[in-house]
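Q: Below: sequence and its predicted model.
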Amino acid sequence: MCPVPVMILPDGSQKSVPSGSSSRDIAESIGKRLAQAAIAARVNGIVVDLSAPLPDSVEPQTLQILTEQGDDSLEVLRHSSAHIMARAVVRLFPNTQLAFGPPIENGFYYDIDSPTPIREEDFPRIEEEMKKIIALAEPFERFERTVPKGRELVQGMGQDYKVEHIDGELFKYPLLSFYRQGEFVDLCRGPHLPHAGRVGAFKILSIAGAYWKNDSSRKQLQRLYATAFFSQKELDDHLKRMEEAKKRDHRLLGKQLALFTISQQVGPGLILWMPRGALVRSILENFIRDELLKRGYSPVYTPHIGKLELYRTSGHFPYYRDSQFPPLYQHPAAQAIDLLQHRLSAGELSPEKETEMEKFLEQASLSIPGYAAAKTQAEKLAIVDAFSQELLAKFQIGIPGFEKAEGRDDRTKLLLGWLENQEGYLLKPMNCPHHIQIYKAERRSYRDLPLRLAEFGTVYRYEQTGELSGMTRVRGFTQDDAHLFITPEQVEGELQKNIELVLFVLKTLGLNDYRVRLGLRAKGSDKYVGSDDDWNSAEESLLRIVKALDMTYSAEEGEAAFYGPKIDFVVRDCIGREWQLGTVQLDYNLPKRFDLEYIGADNKAHRPVMIHRAPFGSMERFMGILIEHFAGAFPFWLTPEQVRILPVSEKFNDYARSVESRLREHGLRVTGEYNSEKVGAKIRQATLDKVPVMLVVGDKEVQANAAAVRHRIKGDLGMIGIDALIGQLEADVRSRTLV
RNA sequence: GCUGGCGUAGCUCAAUGGCAGAGCACUGGUUUUGUAAACCAGAUGUUGUGGGUUCAAGUCCCACCGCUAGCUCCA
């Protein structure tokens, strides 16, 4: 007997169909309406084309017909829409090369390399072309080819990126699949819609650059972003939601509510906290400071700069030097010599690194005569070598032994020796080296550990211009930082306590929409320091903890810091971008680099382990996310202005002022509105300023020594005596209520 | 850093290559007000910066600065 597909449907019923039948056949046998509504099918858990033949098997298999409801269908729709968009682009822009065109969270994109670049003005005519394609409702037809035949096909179509993709990746598979839609054929895994007519509504949203294979040394393509839905209404709703979300943008609200500003004069990526924003920050800082004291932390203070030598030891300089502000040297020639020495010590460079170096020299406004024109690496090194000697002579810098040095390598070492003796400082990119010096200031015993040093430490990093974004990506920021110096046995316990602290912070602020990322090392990569044993036990510890705390997490390889695995708490901003807030990291690297030790119970020296952690991450980024989370309307305990008093007329100003000072005496943040506007206007202004509690006072209130309370959201709450009101408000602050 | 878009009053935005404007905010006055906008008047500009084309530039061209979406990066 021939095996025939036996399918179990979601309702538990079974269907046997002739070999070679498709999901569509089953849908049709169930009902005409289902067959019409069908988008794709899920066979044995995998989404496939409706027309795909069902696998032969005597064993029962599962089948679900997918209709317009559900994310899987939406993904199929968007994938097909990407094909339709590419087809339209190829029609309008001849000789266009196609790269990848996948569905993404809220839509899809297609990476395109067109001889005539696509511009925003072109969107309408691309959309028109797409509409024509959709109106024809041609089917998506799947066919398969062997690798050589498939390669021949895409090569014949002049699709070089597809050829490269086959050669680099797809050759591992026995067959390549293609989809044909009218004249358009694309290499593609599928699955797809039955036909283009199923696309109900779509919109091209934006265009941006994106590197081929996500590699910044490869060609930059144009990425065309769009979205699609089964109905116009869903698309309209989606676009409206996007518009609404943009109103929460912290850059907008920060300006409107006078929380922070960025001045071109001060510099990009440098946040100026205005009084209202600074007030919120100070409340957050007090909140976390109190928690840290309860949890056995020791506050410390350290300076904003440190000697270069410190950061040479920690490895941050010169490793991260192009994402740091330039070093500050006393000697006028030292910065140039520093760059030359840096180049010399790098030796032979790969072409990418060489390009990077040229850009770096350019950025530093140091043009070395002949460098750019030199052809070979050896020539370049010789030019730098000669130039550094010339520079030393011109500045009359005498380095003992330099004249007699045998060759370039010796001179490079002597230059470094000279630099190391120069007075040079770095704006600190991290707080840990400073905290480590505090650890080292005393002889440590195992009895002292864990030593938990905490500081709101401001650090400076020279982020790329294209990365800067409001408060979320900046060049100067303050971490609610702490470094824990612990014994290896204490690792797990301290990690757990720190994760609990982060969870407590997030919960207190009502930030429930985050994901937990467990950053592990990438297998087989050499960019990590420390022994395999350390890594294994560290990764296992972190895994045990997230499981013990019953957290939903995603373990991601390659997301570890170079010195240890970490747990990050990641949230989204109003336009869907992810940002890392809190982080807990294990570090075996710095204790070694700085040769840290403690005396154990055995009276022998042991190496401590460090935990680097910041529950907020950076005050700037946290504030930005918090503004968006609350849409600028901070909860009562956190808001910069808790209460505004609104006298009905100027006749009641004196009483209003007396209420104001009584509330202020109780530590409430209160102001009064004493202009001659009508009370309606005062209420409107206070509401727009997102003041949670308004107190309207007039004749009745004066008589009763009371105030009429109006809540920003709940509206008029009626009259209440001043004493009772103060009691209630104080209770709200104590409980950190979120409403 | 790369690709695209943008830059006009404190804010939001107008202005065919032809006199730089409106609303809000601000200042002064009138009004003395009861739960989301009282009225009148006034002041407000190196149109991001620098150069160029033109009889004439906010507008066109070039460079730079900054903002912005995405990509790359993120100790």
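A: Noted; the coordinates are in hand.
Q: any idea which helix or strand carries the nearest residue to A:Pro53 once chain neighbours are set aside?
A: Taking Cβ to Cβ, 6 or more residues apart in numbering as the measure, A:Pro53 lies nearest to A:Gly20, with 5.2 Å between them; neighbours along the chain are not counted. From N, CA and C alone the C-beta is placed, and that goes for glycine too. A:Gly20 is located outside every helix and strand, with elements delineated by DSSP states H and E.
Q: where does A:Gly20 fall, phi/psi-wise?
A: Dihedral pair for A:Gly20: phi 90, psi 0, per degrees, to the nearest 10.
Q: what's the burial count for it?
A: A count of nearby residues for A:Gly20, using other Cβ atoms under 10 Å, gives 11.
Q: Isn't it up against A:Ser51?
A: No - checked against Cβ atoms under 8 Å, the pair A:Gly20 and A:Ser51 is beyond contact range at 11.3 Å.
Q: and the gap between A:Gly306 and A:Asp689?
A: Distance from A:Gly306 to A:Asp689, counting by Cβ to Cβ, to the nearest Å: 42 Å.
Q: ditto for A:His342
A: For A:His342, the distance to A:Asp689 (Cβ to Cβ) stands at 51 Å.
Q: need the residues of the stretch 351-500 of chain A near RNA strand B, please.
A: Within the stretch 351-500 of chain A, the positions near RNA strand B by Cβ under 7 Å from any atom of the strand are A:359, A:363, A:429-430, A:461-470, A:473.
Q: May I ask which two of those are separated the most?
A: Of all pairs drawn from these, the widest gap by Cβ to Cβ lies between A:Lys359 and A:Gly470 and measures 26.2 Å.
Q: So for these two, which sits in the more crowded spot?
A: It is A:Gly470, of A:Lys359 and A:Gly470, that has more neighbours when counted by other Cβ under 10 Å, with 22 against 11.
Q: Pull the contacting residues for that one.
A: With contacts defined as Cβ atoms under 8 Å, 6 or more residues apart in numbering, A:Gly470 is in contact with A:249-251, A:254, A:262, A:624.
Q: now swap in A:Ile575 and tell me
A: Neighbouring residues of A:Ile575 by Cβ under 8 Å, 6+ apart: A:242, A:245-246, A:249.
Q: which is the next helix or strand following the helix or strand of chain A with the lowest mean pLDDT?
A: Taking mean pLDDT, DSSP states H and E as the measure, chain A has helix A:351-363 as its least confident helix or strand, at a mean of 70. From helix A:351-363 onward toward the C-terminus, using DSSP H and E, the following helix or strand is helix A:377-394.
Q: Would you mind identifying the next helix or strand past that following helix?
A: Toward the C-terminus, helix A:377-394 is succeeded by helix A:408-421 as the next helix or strand (DSSP H and E).
Q: Sort out which of the residues of the stretch 351-500 of chain A next to RNA strand B are in strands and list them.
A: Mapping those onto strands (DSSP state E) picks out no residues; all lie outside.
Q: What subset of those is buried?
A: A:429-430, A:461-463, A:469-470, A:473 (16 or more other Cβ atoms under 10 Å).
Q: Next, format the residues you listed as a markdown table and append pLDDT.
A: Supplementary listing: these in a markdown table, determined by pLDDT from 0 to 100:
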| residue | pLDDT |
| --- | --- |
| A:Pro429 | 95 |
| A:Met430 | 94 |
| A:Arg461 | 95 |
| A:Tyr462 | 94 |
| A:Glu463 | 94 |
| A:Ser469 | 95 |
| A:Gly470 | 95 |
| A:Arg473 | 96 |
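Q: ok, of those residues, which one's closest to A:Gly182?
A: For these, with A:Gly182 as the reference and Cβ to Cβ as the criterion, the closest is A:Ser469, at 41.8 Å.
Q: Bridging across strands, which residues link to that closest one?
A: Beta-bridge partners for A:Ser469, by DSSP bridges, are A:Arg473.
Q: Can you tell me how far it is from A:Thr261?
A: Using Cβ to Cβ, one gets 15 Å for the distance from A:Ser469 to A:Thr261.
Q: Likewise for A:Leu725?
A: A:Leu725 sits at a distance of 34 Å from A:Thr261 (criterion: Cβ to Cβ).
Q: of these two, who's got more company?
A: For A:Leu725 against A:Thr261, the residue with the higher neighbour count under other Cβ under 10 Å is A:Leu725, and the figures read 21 against 13.
Q: ok, that one - contacts?
A: Per Cβ under 8 Å, 6+ apart, neighbours of A:Leu725: A:695, A:706-707, A:709.
Q: Of those residues - the most surrounded one?
A: Top of the contacts of A:Leu725 by neighbour number is A:Ala707, holding 27 neighbours under the definition other Cβ under 10 Å.
Q: Backbone torsions only: list them for the nearest residue to A:Asn705 once chain neighbours are set aside.
A: Using Cβ to Cβ, 6+ apart and skipping the chain neighbours, the partner closest in space to A:Asn705 is A:Ile722 (5.8 Å). As for A:Ile722, its main-chain torsions (degrees, to the nearest 10) stand at phi -60, psi -40.
Q: Any idea how many residues pack against A:Ile722?
A: 18.
Q: ditto for the one 5 residues further on
A: One way to gauge burial is a neighbour count; for A:Gly727, by other Cβ under 10 Å, it gives 13.
Q: do you know how far it is from RNA strand B?
A: With distances defined as Cβ to the nearest atom of the strand, to the nearest Å, the gap from A:Gly727 to RNA strand B amounts to 20 Å.
Q: For that residue, which residues are in contact?
A: Taking Cβ under 8 Å, 6+ apart, one finds nothing in contact with A:Gly727.
Q: secondary structure class for it?
A: Three states are possible here, and by DSSP: H, G, I helix; E, B strand; the rest coil the one that applies to A:Gly727 is helix.
Q: so A:Glu444 touches A:Phe485, yeah?
A: Slight slip there: residue A:444 is Arg, not Glu. Yes - A:Arg444 sits in contact with A:Phe485 when judged by Cβ under 8 Å, with a separation of 7.3 Å.
Q: Can you work out which residues contact both of those two?
A: Residues within reach of A:Arg444 and of A:Phe485 at once, by Cβ under 8 Å, 6+ apart, are A:451, A:598, A:608.
Q: Leaving aside the residues adjacent along the chain, what's closest to A:Arg321?
A: Taking Cβ to Cβ, 6+ apart as the measure, A:Arg321 lies nearest to A:His342, with 7.1 Å between them; neighbours along the chain are not counted.
Q: burial of that neighbour, as a residue count?
A: Counted with other Cβ under 10 Å, residues neighbouring A:His342 total 20.
Q: tell me which element it falls in.
A: Under the criterion DSSP H and E, the helix or strand holding A:His342 is helix A:334-346.
Q: quick one: contacts of that helix?
A: With Cβ under 8 Å, 6+ apart as the criterion, helix A:334-346 contacts A:318, A:321, A:326-327, A:329, A:353, A:357, A:360-361, A:364, A:366, A:368, A:381, A:384-385, A:387-388, A:391-392, A:397, A:408, A:411-412, A:415-416, A:418-419, A:422, A:424.
Q: so what's A:Asp111 up against?
A: When contacts are counted by Cβ under 8 Å, 6+ apart, A:Asp111 touches A:98-101, A:210, A:212, A:221-224.
Q: try A:Glu129
A: Taking Cβ under 8 Å, 6+ apart, we find A:Glu129 in contact with A:88, A:91-92.
Q: and of these, the nearest to RNA strand B?
A: When the contacts of A:Glu129 are compared for distance to RNA strand B, the smallest value, 16.9 Å, is given by A:Leu92; criterion: Cβ to the nearest atom of the strand.
Q: burial of the closest one, as a residue count?
A: 16.
Q: got a list of what it touches?
A: Going by Cβ under 8 Å, 6+ apart, A:Leu92 touches A:122, A:125-126, A:129.
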